[in-house]
Each structure stands twice: as C-alpha cells, then as structure tokens.
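**Student:** dropping a prediction and its sequence here:
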Amino acid sequence: MTELLALGISHKTAPVALRERLALGDREGARLLGELVARAEVDEAVAISTCNRTEIYLAVTDPVQAEAELLGRLARRAAIRPTELAAIVYSPRNCDAARQLFRVTSGLESMIVGEGEVQGQVRRAYESALAAGTTGLLLNRLFRAALQTGKRVRSETAIGASRLSVSTVAVGLARDVVGDLAFRRVVVVGAGETAELTARALADQGVRTLFVANRDAQRALALADRFGGSVTALDELPALLAEADIVVASTSSPDAIIGAEELDEVMRARHGRPLVLIDLAVPRDIEPACGDLEGVHRYDIDDLQAVVARNLKVREGERERAEAIVEDELRRIAVWLAQRDVVPTLQALREHGAGIVERVLAENASRWETASPRDRARIEAVARSVMQRLLHEPTIRLKALEDAGDHGRQQIVRELFGLQEGTTAQAAETGAPADVRELRRRPRP
C-alpha cells in the first residue's frame, strides 16, 4: 500500500546556519527527486525549499526504508551524521504529512503567520516536480488540494490582510536602525520575488534611489523601471557598497555575494559611516563575519524573528479560522486516501480467505475419499460459509473506515491478516477503481 511521507526542517527546528546547508536550488532539487523516484520504495517526490524550510514529500511503498534513505542523503548534503540530523527533522506520515503541507501552504507555519509568498513557492515546487515527471496520482491530488486550501484561507480569513512579509519586516527593521528611509541610498542585491517585494516596501517608504545588482540584467532592469530605480552590474557591487546606507540581499547564489575581507576594505573607505546589511537569502548572501566589522549592522533571516514577534498579534485572531479551514480540507483528502486503499484491501482480504479455503480443502482431500460428490460439495460450502462469516465483521469495519476517512488503520488490517503488496496490486487489477489501477501501473520516469 502506498503511503505519504514528508521529511523536513524549518525555522522552528533549525537555525539558518544549518538550513542553508540543506537548501536546494532548482537543479539540485530536480536531481534529488530523480534519484529518489529511481528507488524501488519511492513512487513520487516533490521538494519545497525556501529561506525558512526544506521539505520533501514522497509517495512510498516502504516508509521506513524511504525515510532512512532520504535522511542519509540530506545528512551527507549537510555534512553531519544522520543521527544528528534526525534530532531536528520532522517526518509526519499520511494525514499528518498532508496537514503539514496544508498548513505550510496556508502560511500557518511561516515565520510571519499568513504571509502570502509561500503559496507561490509551493506552487512552483509542485510545477517543477510535475515537469520533471516525479509526481503521480497521490502527490498531484495532494498538492492541488493544498493549493486550494491556501486559496480558501486567504479568501475566507483576514490572516494576510496586513500584507506582512519577510521583505516588509526587513524594511521596517532598516527604518528602525537608520530612521527615515526617504533620503537613504539602498542597494537591493537580487531580482527575484523577494527582491521585488523588498523594492515595493522600500518605495512605500519613499525610497527613490534604488540600485539593483543581479546576474540577470533584464530582470533587474524591469524591477528598477517599475520602482524608479537604476541598475548596475553585480561586479560593480563594491563601489555601490561604498555609497550605500542599506543593503538588502536575496539571491539564489550557493555562495556568499558579500565577503568580510572585501567589506573590510569598503568600510575603511567609508570613514566610520554605518552600513546596514540585511540578508534574506538561504544560503546566506552575506558572510556572518561581516557583522563583526566596525560600523556594520548585519541581520539575517533568523534575526528577523524578534521583529516578527511584535507583528503577530494582528493575525492571531484569524489563526483559528484558518486552522479550521485546513482541518476541513484535510478531512476531504483523508476520505479520498481511504477510498483509494479500502477497495483493494477488501478484495485482498477476500482473496486471502478464499485461498485459505482452497488450501484446507486440498490438504484434506484424501480424508474423504469415500464421500459422494454431493457430500464434497456440502463440505466445500460449509468451509466457504465459515470463511465468509469470519470476514463479515472485518469487511464492515473496513467499509466504516472508508466512510470515516481513517486510512491509517487499514495498514493494521493488512498486517494482521498478512496481506502482501503483491496481493493488493492483483486486487487493483481485478476490482479496484480506475484511479487505484493508474497508481499501480504508472511507469517510473
């Protein structure tokens, strides 16, 4: 039976210094997913990697083996022991894994509760896996349901009404440090979604001189044009640092963009004029040692949490309503999961009972050699009747689990009766719904 497994870390379980070691770029994520679905115990895989979390969602036939394999791969990536990583990861299964994804997509697990960017990040992660061919029936249904849940939360509650985000909090922090931003020189390093949100927040504060440095000149130019800024190449960044008051960095570079050694030279030329550095990237764009330099005020994504705490009260009143929506959508996916598995489980249970009857009759055939054909038919009928009565109550209970959406307990039934995965596959071919047969037959990418 295919199960749902999630494994991840977030700002709630690990500091940015560890999260950045597990962050996945587009190519790295695609490679990891391809390697995972190539394994016999993994059917489908999707990876979500943002500044605050790295989570992998899997459809697996052996959750224990799959979890151990994924944990080992992530530990090697982070260059730590698997046992050390196991202490900080979370690994929910089935409905608990679905609940985690729904909460993430709804912004309930974000550093800033209700922030809207995470829904777009989940959508892009799903679309990337879809394009790579690492999703199937289970994860397709799950992620579409998660995105629907996020949409409901944002439309039916006011949890995101104040439009708080990491970018707006970062700009607020800069204002707290240097005061009025209207006449400050600001450099935004990057031109992605976070950079765009930062530019918008800066424009709202009256910032008119905005330099955007990024490897993608066209994206940087479009962003600068939109918010009245100007563009310079990334290799001109040292000269920009010499004149800037505030730098906000948010690239997807695997390596630091601003190093302590280079910044030390810049600060000497500034003659003690302070510089505020805000690093919103994971992996980090600004070396932590930069914060040790005189006149430098450096903040990374984890430093924003204290600022965030002061802004959460405006959203707490909507959290309960948002969580109720998540649980409502979770019940729907739980019913679907149960229906997906209960029919082949019932069929496998009946085949298991019929097989026992056949074996018992065959094993005892020599004991009633003198019995007439009519007597043999009666013996066979009695044996089948006993089997049917024995399985009557388990059948009723299984159907009740289907109606209740309690798919997790079906695995207990399979284990109690010794129903093997091969039997389930055979049942899917003969009596399971079309969507179950599709899941069993889906070729590996």
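**Tutor:** Arrived safely, thanks for sending. Residues are numbered from 1 along each chain as shown.
**Student:** so which residues of the protein form strands?
**Tutor:** For the chain, strands defined by DSSP state E occupy the ranges 3-10, 42-49, 53-60, 186-189, 210-213, 230-232, 246-249, 275-279, 296-299.
**Student:** so for residue 350, which of those sits nearest?
**Tutor:** strand 3-10 (22.6 Å; CB to CB). (Glycine included, C-beta is placed from N, CA and C.)
**Student:** least confident of the strands of the chain, on average?
**Tutor:** Comparing mean pLDDT across the strands of the chain, the weakest is strand 210-213, with a mean of 73.
**Student:** show me the shaky parts of the stretch 101-250 of the chain.
**Tutor:** 161-164, 208-209 (pLDDT under 70).
**Student:** ok, now which ones touch residue 61?
**Tutor:** By CB atoms under 8 Å, 6 or more residues apart in numbering, the residues touching residue 61 are 1-3, 40-43, 421.
**Student:** export the strands of the chain as TSV, with columns for mean neighbour count and distance to residue 112.
**Tutor:** Conversion of the strands of the chain to TSV gives the following (neighbours: other CB atoms under 10 Å; distance: least, CB to CB, whole Å):
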stretch	mean neighbour count	distance to residue 112
strand 3-10	23	13
strand 42-49	25	17
strand 53-60	26	13
strand 186-189	27	19
strand 210-213	24	23
strand 230-232	16	29
strand 246-249	27	16
strand 275-279	26	15
strand 296-299	20	15
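**Student:** so for residue 91, which of those strands sits nearest?
**Tutor:** The closest of the strands of the chain to residue 91 is strand 3-10. By CB to CB, the value is 4.6 Å.
**Student:** now for that closest one, which elements pack on it?
**Tutor:** Strand 3-10 sits against helix 16-22, strand 53-60, helix 63-78, helix 94-106, with contacts defined as 3 or more CB pairs under 8 Å, 6 or more residues apart in numbering; DSSP states H and E.
**Student:** what's the closest of the contacts of residue 61 to residue 334?
**Tutor:** Nearest to residue 334 among the contacts of residue 61, counting by CB to CB, is residue 3 at 13.2 Å.
**Student:** the strands of the chain: which one's closest to residue 384?
**Tutor:** strand 3-10 (33.0 Å).
**Student:** return the alpha-carbon coordinates of that closest one using CSV.
**Tutor:** C-alpha atoms of strand 3-10 as CSV (Å, rounded to 0.1, in the frame of the first residue of the first chain):
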residue,chain,number,x,y,z
GLU,A,3,1.8,5.8,1.9
LEU,A,4,2.5,9.5,2.1
LEU,A,5,5.7,10.6,3.9
ALA,A,6,7.2,14.1,4.5
LEU,A,7,10.6,14.9,5.9
GLY,A,8,11.9,18.4,6.6
ILE,A,9,13.4,21.1,8.7
SER,A,10,12.3,24.7,9.2
